[in-house]
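> have a look at this prediction, sequence included:
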Amino acid sequence: MFRKILFWLHLVTGLAVGLVVGVMSFTGAALAFERDLVAWTESDARLVTPPAGNPARLTLDQLVGRVRAMHPEGAIASITVSAGPADAVAIALPRNVTLYANPYTGELREPPVTRLRTFLRTMIAWHVRLNAKPGPDNLGATIASACTVAAVFLGLSGLVLWWPRAATSRVLRPSLWFVRGATGRARDWNWHNVVGFWTLPCFLIMTVSGVVLSYRWANNLVFRIAGETPPSQTAPARPVTPAVAARPAPILGLDAVFAVVQQQTTTAWDQISFRFAPALPLSPNAGGDRSASSTYTVTIRDKNPWPVFVKTTLTLDSRTGEVRRRETPADMSPGTRARSWLRLLHTGEAFRWPGQIVAGVACLGACLLVWTGFALAWRRFFSRNSSAAATPAEGNAP
């Protein structure tokens, strides 16, 4: 009786959310190598040819001056310096605009908007919010999040329904591997069970992590399970600096800060990123002392880190260069570490390209599950007189 009730819940839930789950699975497969594909399409802007010999690099302040000449009224959100001699310096402006500066010549390049890049952006829109217009209380995002919760139920209930009543080779084989020559309902049942079994671990990881990424209560639950207080979602109030008669000391140049950061690194670094909040104004009339912010936030990523999300974050005084705070991978709390794992497990990036391949294949498998699930439902309700033969083990299906 329990299996029968669970079967109908599984069937009805699958019919209700199957289309959305299929869309999210397809877009998830398309986005498995999103970062790598974007980097490949932008390689002409991101990579430079170093001059022969031992060329001198322009300073960060000189590169910022080049950006100021191009966007005098703009601002800089972040600057990322890579250790590779052929890597350009990435300068991010507000509204998702990134310029790549040649560190030897100062030439600025903005990556072209390619068809692949547009396609990936469309896939993200469908994956996150079903291509609904961005905004608060987004209906598409609400539906996608709810269907992610339903997908977790489909995975767990599918495992219970898959579990054979008798663990014999005759019963297990069509549930574990494809049956050659099967057609009709027998083929759909065989594919649904086999693909569901082999992709279930990845499917559950991606759906559970998707729930954590979609809902604040799920995100907070991760920290509570780790025995921690969930982090606040609101930004801390900015302290008000009392007015003083003396003019505040000017901020340090980026090159002086960069030198301090390099002194703080104890291992070979791959990238050093400066983040400015509020954005660093480019206009000389915007206030050269940047009195609105007294710190720089700098992130240092080592070469080939493990886990891949570990990094060192420094908070420096923008006027003296003093390190006010240093956060290393060892300082990460269990809750923060678990949350970081879930974020990268969702895309497969936690295990670099092998994990991304597995995640992409699992997403394609989920698409097949949706297809065979709809096919089985159609045959159940509209093809009762189908002459397709059932596999010997199909009697185990509810």
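Good, I have the coordinates. Numbers count the residues shown, from 1 in each chain.

> Ala146: which element?
Element membership of Ala146, judged by DSSP states H and E, is helix 139-162.

> averaged pLDDT, that helix. What do you get?
The pLDDT scores in helix 139-162 average 96.

> Gln271 belongs to a strand?
Yes: the assignment for Gln271 (DSSP: H, G, I helix; E, B strand; the rest coil) places it in a strand.

> wait, what's in contact with it?
Gln271 sits next to 80-83, 299-301 when contact means CB atoms under 8 Å, 6 or more residues apart in numbering. (C-beta placed from N, C-alpha, C; glycine too.)

> Ala132 belongs to a helix?
No: according to three-state DSSP, Ala132 belongs to no helix; its state is coil.

> pLDDT score for it?
At Ala132 the predicted local distance difference test score is 93.

> and the helix holding Ala146, what's buried?
Applying a neighbour-count criterion of 16 or more other CB atoms under 10 Å, the buried positions in helix 139-162 are 140-141, 144-158, 161-162.

> could I get the contacts of Gln271 as TSV with pLDDT?
What follows is the contacts of Gln271, written out as TSV (pLDDT from 0 to 100):
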residue	pLDDT
Thr80	94
Val81	94
Ser82	93
Ala83	90
Thr299	93
Ile300	92
Arg301	92
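
> identify the farthest-apart pair in those residues.
Ala83 and Thr299 (13.9 Å; CB to CB).

> filter the contacts of Gln271 down to the buried ones.
80-82, 299-301.

> among these, which one lies nearest to Ala88?
For Ala88, the closest of the buried ones among the contacts of Gln271 turns out to be Ser82, at 7.9 Å, with distances computed as CB to CB.

> I'd say that closest one and Ser273 touch.
No: counting by CB atoms under 8 Å, no contact exists between Ser82 and Ser273, whose distance comes to 9.7 Å.

> hang on, the earlier thing: which element follows the helix holding Ala146 toward the C-terminus?
Following helix 139-162 toward the C-terminus (DSSP H and E): helix 169-176.

> which elements pack onto that following helix?
Helices and strands touching helix 169-176, by 3 or more CB pairs under 8 Å, 6 or more residues apart in numbering; DSSP states H and E, are helix 184-214.

> tell me where the model's unsure across the stretch 1-150 of the chain.
Judged against pLDDT under 70, the stretch 1-150 of the chain has no low-scoring part.

> the helices in it, which residues?
Listed in chain order, the helices of the stretch 1-150 of the chain (DSSP state H, counting those that start in this stretch) span residues 2-30, 34-41, 43-46, 60-70, 115-129, 139-162.

> okay, the angle between the fifth one and helix 2-30?
Orientation check (axes from the mean of the first three to the mean of the last three CA atoms, to 10 degrees): helix 115-129 against helix 2-30 gives 150 degrees.

> for helix 115-129, buried residues please.
Burial within helix 115-129, assessed by neighbour count using 16+ other CB under 10 Å, is assigned to 117, 120, 123, 125-129.

> same thing with the first one?
For helix 2-30, the buried set under the neighbour-count rule, 16+ other CB under 10 Å, comprises 3, 6, 10-11, 13-14, 17-18, 20-30.

> same question, the fourth one
Applying a neighbour-count criterion of 16+ other CB under 10 Å, the buried positions in helix 60-70 are 60, 63-64, 66-68.

> closest one to Gly210 out of the residues you listed, please.
The nearest member of these to Gly210, counting by CB to CB, is Val67 at 37.3 Å.

> about what we covered before: export the contacts of Gln271 to JSON lines and tack on distance to Gly53?
Conversion of the contacts of Gln271 to JSON lines gives the following (distance: CB to CB, whole Å):
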{"residue": "Thr80", "distance to Gly53": "26"}
{"residue": "Val81", "distance to Gly53": "21"}
{"residue": "Ser82", "distance to Gly53": "21"}
{"residue": "Ala83", "distance to Gly53": "19"}
{"residue": "Thr299", "distance to Gly53": "32"}
{"residue": "Ile300", "distance to Gly53": "29"}
{"residue": "Arg301", "distance to Gly53": "29"}
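
> out of those, who's nearest Arg180?
Distances from the contacts of Gln271 to Arg180 were compared by CB to CB; the smallest belongs to Arg301, at 48.9 Å.

> Pro230: which of the buried residues of helix 115-129 is nearest?
The shortest separation between Pro230 and any of these is 22.2 Å, and it belongs to Val128 (by CB to CB).

> just confirm the closest one contacts Ala144, I think it does.
Yes: between Val128 and Ala144 there is a contact under CB under 8 Å: 6.7 Å.

> gap between the closest residue to Asn193 other than its chain neighbours and Phe197?
Nearest residue to Asn193, sequence neighbours excluded (CB to CB, 6 or more residues apart in numbering): Ser175, at 4.6 Å. Plainly put, Ser175 is 7 Å away from Phe197 if you go by CB to CB, to the nearest Å.

> those two: which is more packed in?
Set side by side, Ser175 and Phe197 show more neighbours around Ser175, with 22 against 17, by other CB atoms under 10 Å.

> surely that one and Arg165 touch.
No: Ser175 lies out of contact with Arg165 (CB under 8 Å); the separation is 11.3 Å.

> low-confidence regions, the stretch 251-398 of the chain specifically.
Scanning the stretch 251-398 of the chain with the threshold set as pLDDT under 70 gives 251, 283-293, 384-398.

> need the strands for it, in chain order.
Secondary structure of the stretch 251-398 of the chain (DSSP state E, counting those that start in this stretch): strands at 269-281, 295-302, 312-317, 323-327.

> fine by me, thanks again.
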